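>>> 3D model of this:
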Amino acid sequence: MTLETETEPASKHRDGPELRVKITKANHLTSSTRGFELMSEHGGPLPGFTAGAHIDVEVYLPDGDLVHRSYSIASAPDDEPYRYQIAVLYDEEGTGGSVFMHERAKTGYILNAIGPKNFFEMVENADHSILIAGGVGVTPILSMAHALTATDQSMEMHYAARSEEDMAFRDTVTEVCGDSARLYFDGGNPSKGIDIPGVLGQPKNGRHVYVCGPKGMIDGVRAQAEKLGWSEDHVHVEVFTKPEAKPDDQPIEVTIKSTGQVLKVPPQTPILDVLLEAGVDTDYDCRTGICASCAVEVLEGEADHRDTVLDKSEHEEEKLMCTCVSWAKTPKLVLNY
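Alright, predicted model coming up:
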């Protein structure tokens, strides 16, 4: 998994431990996906992590800006790991983070990083776990498979790619999961890939599904799960990138309840950015709508929710919104700061 998140200096940004890691191995997992093994700059164990975790790595963009890119850890969870394994998909249409990792991050290169953090944690001691992965989204899912098989928990894994050549970690998945894994080669046509309704089946308490991959796959799983009657808290997803602003987004005004400040927010600008510039005391972290650190109560107005972490009851009953990605359906919002 790769998340698009920029470095921010604000003190309320809840970082993990600061790290300096050395690339000890770099190789092509597929023609467009590069794998990296990262170890501590001076040897010794790295901070422990749980399945689904990621680290934030500093990379340079073509214009020289230094930003963070978040990469899921694919290796087996460990309290004192000596290496993290990540994978990066080359995206020539992206902002340049993947270009840096493919073209400039060589063996021996030292990277500054933060983490690990985990916004995609597994439920402990579930009766059965269904793991669904597409493309490079296999990275956190593979770590989950490591954890489940190591503790002999009931699980199944479904992994789709365009072709055998495009399937990163194919041999590792087969080795770790054995008969519990099913591999799909759809040639780019999802209808020839994973049978989502058949894989999900009827919901049962204690049965959880985890999915990471292209947006279409994630949306498809969530839609089918809702149609089949799955509870939202039994369907866990992680996305690649933050949702894009909509072309018809209009300027909005945000009022801060405690101070009466009225902030004008232009389209294409995250509400969170304007809040921080105005000195509003707010937590935040992921900037992609997956952690809920920035969630705030909407006292007046109606939010246009674009996060993937809050459920319907949190949106509709608690009136919470994630200011890092969500927008407004009304010209004005009053937020409970």
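>>> now for the strand or helix carrying V237, which elements pack on it?
Assigned by DSSP states H and E, V237 belongs to strand 235-238. Strand 235-238 sits against strand 207-212, helix 215-228, with contacts defined as 3 or more CB pairs under 8 Å, 6 or more residues apart in numbering; DSSP states H and E. For the C-beta atoms, the positions are set from N, CA and C on the backbone; glycine is no exception.
>>> If we use 10 Å, what do you get?
With contacts taken as 3 or more CB pairs under 10 Å, 6 or more residues apart in numbering; DSSP states H and E, strand 235-238 sits against strand 128-134, helix 138-150, strand 207-212, helix 215-228.
>>> The third one packs against which elements?
Counting contacts by 3+ CB pairs under 10 Å, 6+ apart, the secondary-structure elements packed against strand 207-212 are strand 128-134, helix 138-150, strand 155-161, helix 196-200, helix 215-228, strand 235-238.
>>> what is the orientation angle of that strand with strand 128-134?
Counting by axes from the mean of the first three to the mean of the last three CA atoms, to 10 degrees, strand 207-212 lies at 20 degrees to strand 128-134.
>>> Could you pull out the helices in the stretch 201-337 of the chain for me?
Here the stretch 201-337 of the chain has its helices, by DSSP state H, counting those that start in this stretch, at 215-228, 271-277, 312-316.
>>> Among those helices, which comes closest to Y82?
helix 215-228 (32.3 Å; CB to CB).
>>> Now A168. Nearest residue, chain neighbours left out?
L29 (3.9 Å; CB to CB, 6 or more residues apart in numbering).
>>> Check K117 too.
G16 (5.1 Å).
>>> Run through the stretch 151-300 of the chain and note the low-pLDDT ranges.
Where the stretch 151-300 of the chain drops to pLDDT under 70, the residues are 240.
>>> Output the contacting helices and strands for the lengthiest strand in the chain.
If you go by DSSP state E, the chain has its longest strand at strand 18-28. Contacts defined by 3+ CB pairs under 10 Å, 6+ apart place strand 18-28 against strand 33-40, strand 54-60, strand 84-89, helix 97-103, strand 110-117.
>>> what sits up against the fourth one?
For helix 97-103, the external contacting residues (CB atoms under 10 Å, 6 or more residues apart in numbering) are 2-6, 23, 26, 28, 32-34, 36, 57-62, 67-71, 86-92, 96, 109, 111, 136.
>>> Show me which of the residues you listed are buried.
Buried subset of those (neighbour count, 16 or more other CB atoms under 10 Å): 2-5, 23, 26, 32-34, 36, 57, 59, 61, 67-71, 86-91, 96, 111, 136.
>>> distance of the most far-flung residue of the chain relative to its centre from A278?
Here the chain reaches farthest from its C-alpha mean at G260, the gap being 34.4 Å by CA atoms, centre = their mean. Distance from G260 to A278, counting by CB to CB, to the nearest Å: 12 Å.
>>> swap in K117?
Look at K117 and A278: by CB to CB, they are 26 Å apart.
>>> now E226
37 Å.
>>> residues contacting the nearest residue to A225 once chain neighbours are set aside?
Closest residue to A225 apart from its sequence neighbours, by CB to CB, 6+ apart: V235 at 4.7 Å. Applying CB under 10 Å, 6+ apart, we find V235 in contact with 130, 200, 203, 208-211, 218, 221-222, 224-226, 311.
>>> highest average neighbour count across the helices of the stretch 201-337 of the chain?
Here the criterion is mean neighbour count by mean count of other CB atoms under 10 Å, and of the helices of the stretch 201-337 of the chain the winner is helix 271-277, at a mean of 19.
>>> which helices and strands does it pack with?
Using 3+ CB pairs under 10 Å, 6+ apart: helix 271-277 touches strand 252-256, strand 262-265, strand 295-300, strand 320-322, strand 332-335.
>>> switch the cut-off to 7 Å
Applying 3 or more CB pairs under 7 Å, 6 or more residues apart in numbering; DSSP states H and E, one finds that helix 271-277 contacts strand 262-265.
>>> The residue nearest to A168 against R170, yeah?
No - if you go by CB atoms under 7 Å, L29 and R170 don't touch, sitting 8.8 Å apart.
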